[in-house]
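Undergrad: Below are the sequence and a predicted model; questions follow.
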Amino acid sequence: QVRPVESGGGSVQPGGSLRLSCTAGRNIFSINAMGWFRQVPGKQREFVGAIGPRSENIYYADSVRGRFTISRDNAKSTMYLQMSKLKLEDTAVYLCIACTAAYGPDHCRGGQWGQGTQVTVSS
């Protein structure tokens, strides 16, 4: 199973925007829901959101709902996380995963983790 690859991170001021991408192997990507998580050193990995295989369901954590948008392009085996109105507390390493075991409004399980991409929000 090929690990997903995240990209698009960087530094941004509060209130700014970034778009992250997650690319995975076609065989895994096309049939599975995909999820975004984020992690801050010393804290538990946090669920950000998940999207169904055909975008039929899209879920968000309360902390990002209304500011972040998850989408996917199955032809490119790529999932996106459009982040806007970024806050200092959004600073984290963002990771994606294929929800090969289960997914729902507050969870996504299974698959292998990528390396992640760093997002830093600072003034």
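TA: Yep, it's here.
Undergrad: what residues does the lowest-mean-pLDDT helix or strand in the chain touch?
TA: The least trusted helix or strand in the chain, going by mean pLDDT, DSSP states H and E, turns out to be helix 26-29, with a mean of 90. With contacts defined as CB atoms under 8 Å, 6 or more residues apart in numbering, helix 26-29 is touched by 1, 2, 23, 74, 77, 78, 79, 98, 100, 111. Backbone N, C-alpha and C define where each C-beta goes, glycine included.
Undergrad: Buried among those residues? Make that a ChimeraX selection.
TA: Of the contacts of helix 26-29, the buried ones go into a single ChimeraX selection, burial set by 16 or more other CB atoms under 10 Å:
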select :23,77,78,79,98,100,111
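Undergrad: which among the contacts of helix 26-29 gets closest to residue 117?
TA: Lowest distance from residue 117 to those (CB to CB) belongs to residue 23, with 11.5 Å.
Undergrad: With residue 99 as the reference, measure out to residue 9.
TA: The gap separating residue 9 from residue 99 is 22 Å, by CB to CB, to the nearest Å.
Undergrad: Looking at those two, which is more packed in?
TA: More crowded of residue 9 and residue 99, by other CB atoms under 10 Å: residue 99, with 20 against 17.
Undergrad: In terms of helices and strands, where is the spatially most central residue of the chain?
TA: Using CA atoms, centre = their mean, the residue of the chain that lies closest to the mean C-alpha position is residue 36, 2.5 Å off. Per DSSP states H and E, residue 36 falls inside strand 34-39.
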